[in-house]
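Visitor: just the structure for this:
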Amino acid sequence: MTTRKIRVLIVDDSAAMRQLLTQILTSDPDIDIIGTASDPYFARDKIRDLKPDVLTLDVEMPRMDGVTFLEKLMRAHPMPVVMVSSLTQKGCEVTLRALELGAVDFFAKPELDTLQGVENCAKEIIAKIKAAASAHVHISKSSKPLSASAPVTGKATSQFRMTHQLIAIGASTGGTEAIREVLTVLPADTPGIVIVQHMPPGFTASFSNRLDTLCNIRVKEAQNGDKVLPGHAYVAPGNLHTSVVRSGAQYVLEVKDGPPVNRHRPAVDVMFDSCAIHAGKNVVAAILTGMGDDGARGMRRMRDAGARTIAQNEESCVVYGMPKEAVAHGGVETILPLDRIAEELLRLASKLPMAA
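Guide: Next up, the predicted model:
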């Protein structure tokens, strides 16, 4: 039985980039480039005529930028879109807006002038296109930038002042919006949170800053030596591993270089493993939408150490990869839709031991 190839349309104003992406994607036998377009106006007609499975969309283009086109596309013809972004601050911020509007994922533009740069990113680009082809496309309910939601209410919202309580969250594809949905409803005295979201350098800083403007808690990009404080969330920086270590009655973050784990740096497993060792039964963890299996083994080790663990359910995931693998490895105690995870994190945190 022949498997149908993934039909991809490339939209980019750079002829060199269109050629490079075509070369990268056609190197995989499961992907077929059915066309390219130099701007959204040409793309509109080709989408209608060619009916691609996945669209790659440049963020910055003349005549109409990629995000404006994405917003129109998602209203008229929702489909899996992977954004192609520059590594500038503006590129990071605009890409995060595209993810709010329903783009499945993004990747940074390959460096045209270095063969090594292309080789390093080719596998990642192919993997993201394949994940997008089977993704659940989630459309933003509003075309306006999203604002903070009302915090979760209940007995659990005013009990968290002890520094030994910890929340750990891991995510990948679709995770920026999933994390936003969880964090924006948490109260200001939530236990300290450590987050690993697979993103390149630069994007994690923009992501943290964006969340900080939306949330009741403070959100920052993690730095080596940061104390994990109640009411604060720390996002692992791109290209560096982040671990939790115990220092007296507090947890402190170690942010450092190291080989990729599960092909990722930062890796969820690195952070989860450190929580299993240093936090044990004092941690509540959630694994959210994402491709691959990063975090699955670490979540099992956390559960074995007494942690309470949650996985996002398949129906609410953009890509049901990481949660599925965590369940398969036996590390998941509870499976929930995304809109119930914040409440459950707080409920379980309220049951953590009162002393370390």
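Visitor: contacts, neighbours, all on C-alpha from now
Guide: OK.
Visitor: keeping just the C-alphas, turn stretch 224-236 into CSV.
Guide: Taking C-alpha atoms only, stretch 224-236 is exported to CSV below (Å, rounded to 0.1, in the frame of the first residue of the first chain):
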residue,chain,number,x,y,z
ASN,A,224,21.6,30.6,36.1
GLY,A,225,21.3,31.0,39.8
ASP,A,226,17.7,32.2,39.8
LYS,A,227,15.8,31.3,43.0
VAL,A,228,12.4,29.6,42.2
LEU,A,229,10.0,31.9,44.0
PRO,A,230,6.2,31.6,44.5
GLY,A,231,4.3,33.7,42.0
HIS,A,232,7.0,33.4,39.4
ALA,A,233,7.5,31.3,36.3
TYR,A,234,10.9,30.7,34.6
VAL,A,235,11.2,29.8,30.9
ALA,A,236,14.3,27.8,29.9
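Visitor: for it, what is the distance to the chain centroid?
Guide: Averaging C-alpha positions (CA atoms, centre = their mean, to the nearest Å) puts stretch 224-236 18 Å from its chain's average.
Visitor: and if you look at stretch 253-264?
Guide: Worked out by CA atoms, centre = their mean, stretch 253-264 lies 16 Å from the chain centre.
Visitor: can you give me the end-to-end distance of it?
Guide: 18 Å (CA to CA, to the nearest Å).
Visitor: buried residues of that stretch, list them for me.
Guide: 253, 254, 255, 264 (16 or more other CA atoms under 10 Å).
Visitor: what's the closest non-adjacent residue to residue 191?
Guide: residue 230 (4.4 Å; CA to CA, 6 or more residues apart in numbering).
Visitor: could you look up the SS state of that neighbour?
Guide: coil (DSSP: H, G, I helix; E, B strand; the rest coil).
Visitor: how near is it to residue 189?
Guide: From residue 230 to residue 189 the distance is 6 Å (CA to CA).
Visitor: same check on residue 7?
Guide: 47 Å.
Visitor: residue 120 too?
Guide: 41 Å.
Visitor: more crowded one of the two?
Guide: residue 189 (20 against 12; other CA atoms under 10 Å).
Visitor: the more buried one contacts residue 218, correct?
Guide: No: counting by CA atoms under 8 Å, residue 189 does not reach residue 218; the two are 10.0 Å apart.
Visitor: give me the common contacts of the two.
Guide: residue 231 (CA atoms under 8 Å, 6 or more residues apart in numbering).
Visitor: which of the residues in the helix or strand encompassing residue 68 are buried?
Guide: For residue 68, the host element (DSSP states H and E) is helix 66-76. Going by neighbour count (16+ other CA under 10 Å), the buried part of helix 66-76 is 66, 67, 69, 70, 71, 73, 74.
Visitor: any chance of TSV for those residues, columns distance to residue 106?
Guide: Formatted as TSV, those follow (distance: CA to CA, whole Å):
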residue	distance to residue 106
66	12
67	12
69	15
70	13
71	16
73	17
74	16
